[in-house]
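Peer 1: what follows is a protein structure lacking sequence information:
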């Protein structure tokens, strides 16, 4: 097997400039053969050209089979080897302007092409870039030399140690990180990110000595390009993650908030109300990842706060508790509220004499922070929320404090605040990156608490329904805070992440009814997916036969009930199958019990006809509607045609008579009923398989043993058989 050949022939197009070539790649052709055929069309030397995707990735012997697809349009470009040679030639030029132009080309090509980068490294190009950094007096030349080195590092073709063996190189980088020139500063910071990732703590300490935390913040606050800002965020993240001084990390975050860094590092994106007048721009996945990491490190500070016991700052805690009840100014005058202790009870504290007990368990003082800040910043809304349950009877009350605690737990869990950042996650929440990020976080919590109260009132829940309501709250918040899979900019869930107003609107629309409907839809979708599993094919066949048998019995049972029919426009008859299913009886309708009847033994049935091609029957149905069927029985010489009120009734009798003759069921109506019944039986069988992944193939059942003489000897003769 040749891995450079494709498995089947396919058609593709190739563009050389604006001139197209349409051809077929045969199943056994290699990349070399394809290149010879393509280049022959333009009379070019195939050794000097390559095929390239629209992403500027080269088609190589290694990726030939994986990348080539039917209908693909490729570009014919100079080969990576040729491009690398020309780039190196430009770097060898002694003219300053030519070197600058050459390095810009090197940066551009190494940014997108692994093949060009690999060719450059194989020819020692990285050493020439290193030399440019150390010897050039031009900031632009130095900048793009560093940028090209960063591209090689990203492709894992070189290591940081290949460059820092010379002290003057790292010194030049440190100088560049403090420059005002965007490219020089941005590329230098980018290299330093690679440097600190690959060095020990001493390496980071060395960088922070030269470029302290406040310098990184100043770089962010300048009008920089995304590259510089991203590198600054990465350095912030590494500094915070590696610091062992908790107090220092808190000071860093306080400084970041004072300087409104959160709002500065968030790029304008589609749907953002904060940047509605700015033109949206695309940002890289790497930038999004750094924002996500920064967000998680900040959220982790709230998780740490949630682990602090009330006793750690009891004096402030007691003061905050008193403030919670002091603000309840809209209490119903008829309620027996004579002092603060009664208000603690009404708020839902488990012990009105010792309300601090409710903060002994996670999320501890964070719950108090949320409620007190709410009371101070929006007293009216806090009071309304806190007193919403006062008028409800005991069995239907929802503890305000208990609800707040549980919502905070849910939000922290959904935001993964307790966990370290994922290595590849890019799902940051833009509306949290505001001028006052703490306020954005607390606002989000308050809205979630109010949503929990709204659901409670919508379903008129009882106290013992608390866990069920919280599970619904979790599922509805999960849709917004932790969506599964990739989501588009137009998706309401994405808009809810971009704008706090959209987040609130989504929660207002999230009712119990919508949850129930979504749950049912998801359950049906899961069932439908399960029904298509190959492991259930055998069961489908069994149930199809079972459904057919049930329909046959149903038809025969209905035929045992007297049915009114016609044999002409005015001649009415009745027809009925005997209880023992051996005799078919019919006679003139409306004559009472003395009517003469005709009997036909079912074993004498000779033929059943749906009469769809019978001209007499078609004319009658066209004039009078309904349906018809016919049969021969015994010595009948002419087809006995009977007309029914509906087509469904005619189908029933036609197929019922076929069953009596031992013939299969036929017709579209039967197929629909049989499939519907089979699926119903399937759903009954698989109702306990929700959430279980079935294998593609059923397990292999081992053969029976040769004999069933399971006798165990006692080799130790100790009386124990083992």
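Peer 2: It's in. Because the structure is predicted, anything quoted here is derived from the model rather than measured.

Peer 1: pretty sure residue 576 sits in a helix.
Peer 2: No - assigned with DSSP: H, G, I helix; E, B strand; the rest coil, residue 576 falls outside any helix and is strand.

Peer 1: what about it, how many neighbours?
Peer 2: 16 (other Cβ atoms under 10 Å). In short, each C-beta sits where N, CA and C put it, glycine included.

Peer 1: over to residue 648?
Peer 2: Using other Cβ under 10 Å: residue 648 sits among 11 other residues.

Peer 1: ok, now residue 255?
Peer 2: 13.

Peer 1: which element is it on?
Peer 2: Assigned by DSSP states H and E, residue 255 falls within helix 246-258.

Peer 1: quick check: buried residues in that helix?
Peer 2: 249, 252, 253, 256, 257 (16 or more other Cβ atoms under 10 Å).

Peer 1: checking residue 449 next. Helix, strand or coil?
Peer 2: helix.

Peer 1: quick revisit: turn the buried residues of helix 246-258 into JSON lines, including distance to residue 110 and pLDDT.
Peer 2: Converted to JSON lines, the buried residues of helix 246-258 look like this (distance: Cβ to Cβ, whole Å; pLDDT from 0 to 100):
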{"residue": "249", "distance to residue 110": "36", "pLDDT": "94"}
{"residue": "252", "distance to residue 110": "34", "pLDDT": "94"}
{"residue": "253", "distance to residue 110": "36", "pLDDT": "95"}
{"residue": "256", "distance to residue 110": "33", "pLDDT": "95"}
{"residue": "257", "distance to residue 110": "38", "pLDDT": "95"}
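
Peer 1: can you show me the strands along this structure?
Peer 2: Using DSSP state E, the strands found in the chain span residues 10-16, 19-25, 49-52, 73-78, 563-566, 572-577, 583-588, 597-601, 605-609, 627-633, 640-644.

Peer 1: nearest to residue 151, of these?
Peer 2: Nearest to residue 151, of all the strands of the chain, is strand 49-52, at 17.3 Å by Cβ to Cβ.

Peer 1: counting contacts, what elements does that closest one pack onto?
Peer 2: With contacts taken as 3 or more Cβ pairs under 8 Å, 6 or more residues apart in numbering; DSSP states H and E, strand 49-52 sits against helix 31-42, strand 73-78.

Peer 1: that older thread, check the offset of the helix holding residue 255 from the chain's centre.
Peer 2: 34 Å (Cα atoms, centre = their mean, to the nearest Å).

Peer 1: ditto for stretch 525-539
Peer 2: On Cα atoms, centre = their mean, the centre of stretch 525-539 falls 22 Å from that of its chain.

Peer 1: just the buried residues of it, please?
Peer 2: In stretch 525-539, counting by 16+ other Cβ under 10 Å, buried: 527, 530, 533, 536, 539.

Peer 1: likewise for stretch 286-297?
Peer 2: 287, 288, 289, 290, 291, 292, 293, 294, 295, 296, 297.

Peer 1: sorry, back to before: including mean pLDDT and distance to residue 139, could the helices and strands packed on strand 49-52 go into CSV?
Peer 2: Formatted as CSV, the helices and strands packed on strand 49-52 follow (pLDDT from 0 to 100; distance: least, Cβ to Cβ, whole Å):
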stretch, mean pLDDT, distance to residue 139
helix 31-42, 89, 41
strand 73-78, 87, 30
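
Peer 1: among the ones you listed, which is nearest residue 267?
Peer 2: strand 73-78 (30.5 Å).

Peer 1: what helices and strands are in contact with the closest one?
Peer 2: Using 3+ Cβ pairs under 8 Å, 6+ apart, strand 73-78 sits against strand 10-16, helix 31-42, strand 49-52.

Peer 1: swap the cut-off to 7 Å and go again
Peer 2: Where contact means 3 or more Cβ pairs under 7 Å, 6 or more residues apart in numbering; DSSP states H and E, strand 73-78 is packed against strand 10-16, strand 49-52.

Peer 1: what's the least confident stretch among the ones you listed?
Peer 2: When the helices and strands packed on strand 73-78 are compared on mean pLDDT, strand 10-16 scores lowest, with a mean of 85.

Peer 1: can you list contacts of that one?
Peer 2: The contact list for strand 10-16 (Cβ atoms under 7 Å, 6 or more residues apart in numbering) reads 20-25, 38, 42, 51, 68, 70-76.

Peer 1: put the buried members of those into a ChimeraX selection.
Peer 2: Of the contacts of strand 10-16, the buried ones can be selected in ChimeraX as follows, counting by 16+ other Cβ under 10 Å:
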select :21,25,38,51,68,72,74,75,76
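
Peer 1: ranges for the helices of the stretch 251-400 of the chain?
Peer 2: Remark: helices assigned in the stretch 251-400 of the chain by DSSP state H, counting those that start in this stretch are 261-265, 285-305, 314-326, 340-347, 364-377, 379-386, 400-414.

Peer 1: export those to JSON lines and tack on distance to residue 244 and mean pLDDT?
Peer 2: What follows is these, written out as JSON lines (distance: least, Cβ to Cβ, whole Å; pLDDT from 0 to 100):
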{"stretch": "helix 261-265", "distance to residue 244": "23", "mean pLDDT": "92"}
{"stretch": "helix 285-305", "distance to residue 244": "14", "mean pLDDT": "95"}
{"stretch": "helix 314-326", "distance to residue 244": "27", "mean pLDDT": "87"}
{"stretch": "helix 340-347", "distance to residue 244": "40", "mean pLDDT": "76"}
{"stretch": "helix 364-377", "distance to residue 244": "23", "mean pLDDT": "94"}
{"stretch": "helix 379-386", "distance to residue 244": "38", "mean pLDDT": "88"}
{"stretch": "helix 400-414", "distance to residue 244": "23", "mean pLDDT": "96"}
